[in-house]
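**Q** Below is the sequence, then the predicted model.
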Amino acid sequence: QVRLVESGGGLVQSGQSLTLSCVGSGFQFNTYGMRWYRQVSTKERERVAEKTSPLPTAGSRTSYADSVKGRFTISRDNGRNTLYLQMTSLQPEDTAVYYCKGVNWAGQSYWGQGTQVTVSS
């Protein structure tokens, strides 16, 4: 059974930090590109960050939404089947449910159940 389980969300004050984790099981984690998304109930789900699966000659590639560049860092530990999102200088507009997603080159994808991040001003 494929599972992606996020954790690490919570309530923090503006300017503080949080680190989210996403543990995968039931699929070959290291062959999947991994992404973090977030969603506020009234808006579409927004891609926050992506870290591709390691490429034979180029390693993993990383990308971020403009709104989080310089504040968020995505990383992965393939040995632990875990994806991370380090979030610093959090602002109230970062409040959302954060989801992880795995997608492979064939387009097969899996979602986690989400973890709530709330930033108070």
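**A** Good, I have the coordinates.
**Q** List the beta-bridge partners for the residue sitting nearest the centre point of the chain.
**A** Closest to where the C-alpha atoms of the chain average out (CA atoms, centre = their mean) is Trp36, at 2.6 Å. Trp36 has these beta-bridge partners by DSSP bridges: Ala49, Cys100.
**Q** what's near enough to touch it?
**A** Listed by CB atoms under 8 Å, 6 or more residues apart in numbering, the contact set of Trp36 reads 20, 22, 47-50, 74, 83, 85, 98-101. C-betas here are computed from N, CA, C, even on glycine.
**Q** for Arg45, same thing?
**A** Applying CB under 8 Å, 6+ apart, the residues near Arg45 are Tyr37, Arg38, Gln39, Tyr99.
**Q** circling back: buried members of the contacts of Trp36 into ChimeraX, please.
**A** Buried members of the contacts of Trp36, defined by 16 or more other CB atoms under 10 Å, are picked up in ChimeraX with:
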select :20,22,48,49,50,74,83,85,98,99,100,101
